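Student: fold the stuff below for me.
(one chain, ligands or ions: 1)
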Amino acid sequence: MSQKTSVLTFKNAKLNNEKITMLTAYDYSIAKLMDESGIDSILVGDSLGNVVLGYEDTISVTMEDMIHHGAAVSRGAKNALVVIDMPFMSYQTSIYDALVNAGRLMKEGRAGAVKLEGGKTVCPQIQAITNAGIPVMAHLGLTPQSIHAFGGHRVQGKTEEAAKKLLEDARAVEKAGAFAVVLECVPSKLAALITKELTIPTIGIGAGNQCDGQILVYQDLLGMFSDFTPKFVKKYANVGEIMKEAFKEYKNEVHSGVFPAKEQEYVISDEIIEKLY
Ligand code: KIV
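Tutor: This is a model prediction of the structure:
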């Protein structure tokens, strides 16, 4: 996928059995690097609350936070489809709120699509938003905005009843018009079954490799976030350690006077300086 990615690219990827790559980002420079690396789609996740703002969960993230960071990511992503998360209570309260807030993420955040959490209960919102011409990505399984209802970070869909509900929710969000669905912390065999049953792509995070695409939080992938590391994370680099080494070296060089050196200085003629005494 080298042209501007859209919901059509997602559809075609599923039809052609091509994997979709997604990562989260929260600012311009990181979005630009991901875009230049050919990542298909960037999610401005409300995981912003954890990895950028330092909250314990995603509950306190606001529309203003999502618009501010979403707009920065959109400026950096020339080809990748930018999806912005609808934060807690920006869509659960009513269809009207969902429409107004999805619209703000498109107009002010310059999103290409929005994502919201939940199954059947939020289908009226998914339908209304898609009817307004805004593509919706759904999110099932471990939905972090309901963390207090789940009682913690737990794998979802493990019992027969829970697995059935997850499959029904997946069918419902597809029927309501979602163009893709994130499956988070779902047993891989169940995610594979859902992937086979749906015509829209599934994007897995802790849901095995049979999903149509994958997503990770970039700080997890780069080893930059140590508060907690879920089992499904693979660290592709230890950037956190590299950063800490660089910060320490900078500190030492400032203390010892090695930095800044001549090559980092601006010059002025001695005559001008002499005239100042
Ligand atoms: O907020 C987020 O980063 C997410 C992904 C983990 C799917 O929803």
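Student: residue 208 contacts residue 185, correct?
Tutor: No. Between residue 208 and residue 185 there is no contact under C-beta atoms under 8 Å: 10.8 Å. No exception for glycine: its C-beta is placed from N, CA and C like everyone else's.
Student: looking at the two, which has the bigger crowd around it?
Tutor: residue 185 (22 against 17; other C-beta atoms under 10 Å).
Student: next, count neighbours for residue 188.
Tutor: If we define neighbours as other C-beta under 10 Å, then residue 188 has 16 of them.
Student: now it: closest residue in space, sequence neighbours ignored.
Tutor: Nearest residue to residue 188, sequence neighbours excluded (C-beta to C-beta, 6 or more residues apart in numbering): residue 208, at 2.4 Å.
Student: which secondary structure element contains the one you found?
Tutor: Using DSSP states H and E, residue 208 maps to neither a helix nor a strand.
Student: that one: what's it in contact with?
Tutor: Residues near residue 208 by C-beta atoms under 8 Å, 6 or more residues apart in numbering: 187, 188, 189, 191, 192.
Student: ok, now how distant is residue 35 from the ligand?
Tutor: Look at residue 35 and the ligand: by C-beta to the nearest ligand atom, to the nearest Å, they are 18 Å apart.
Student: which ones are touching that residue?
Tutor: 42, 76, 77, 78, 79, 80.
Student: can you put those residues in a markdown table and add pLDDT and neighbour count?
Tutor: Below are those laid out as a markdown table (pLDDT from 0 to 100; neighbours: other C-beta atoms under 10 Å):
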| residue | pLDDT | neighbour count |
| --- | --- | --- |
| 42 | 98 | 31 |
| 76 | 98 | 20 |
| 77 | 98 | 26 |
| 78 | 97 | 11 |
| 79 | 98 | 18 |
| 80 | 98 | 29 |
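Student: nearest to the ligand, of the residues you listed?
Tutor: residue 42 (10.6 Å; C-beta to the nearest ligand atom).
Student: how about the residues of this structure near the ligand?
Tutor: 24, 43, 45, 46, 47, 85, 139, 182, 184, 205, 215, 217 (C-beta under 6 Å from any ligand atom).
Student: again, 8 Å this time
Tutor: Contact residues, the chain versus the ligand (C-beta under 8 Å from any ligand atom): 22, 24, 43, 45-48, 58, 85, 115, 117, 139, 144, 182, 184, 203, 205, 215-217.
Student: in PyMOL, how would I select the buried members of those?
Tutor: The buried residues among the residues of the chain next to the ligand can be selected in PyMOL (16 or more other C-beta atoms under 10 Å) with this line:
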select buried, resi 22+24+43+45+46+47+48+58+85+115+117+139+144+182+184+203+205+215+216+217
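Student: so which of the residues of the chain next to the ligand are in helices?
Tutor: residue 48 (DSSP state H).
Student: so what sits opposite the residue of the stretch 51-200 of the chain found nearest the ligand in the bridge?
Tutor: With C-beta to the nearest ligand atom as the measure, residue 182 is the residue of the stretch 51-200 of the chain nearest to the ligand, at 4.8 Å. In this entry, residue 182 is beta-bridged to residue 139, residue 203, by DSSP bridges.
Student: pull the contacting residues for it.
Tutor: Residue 182 neighbours (C-beta under 8 Å, 6+ apart): 115, 137, 138, 139, 140, 141, 202, 203, 204, 205, 215.
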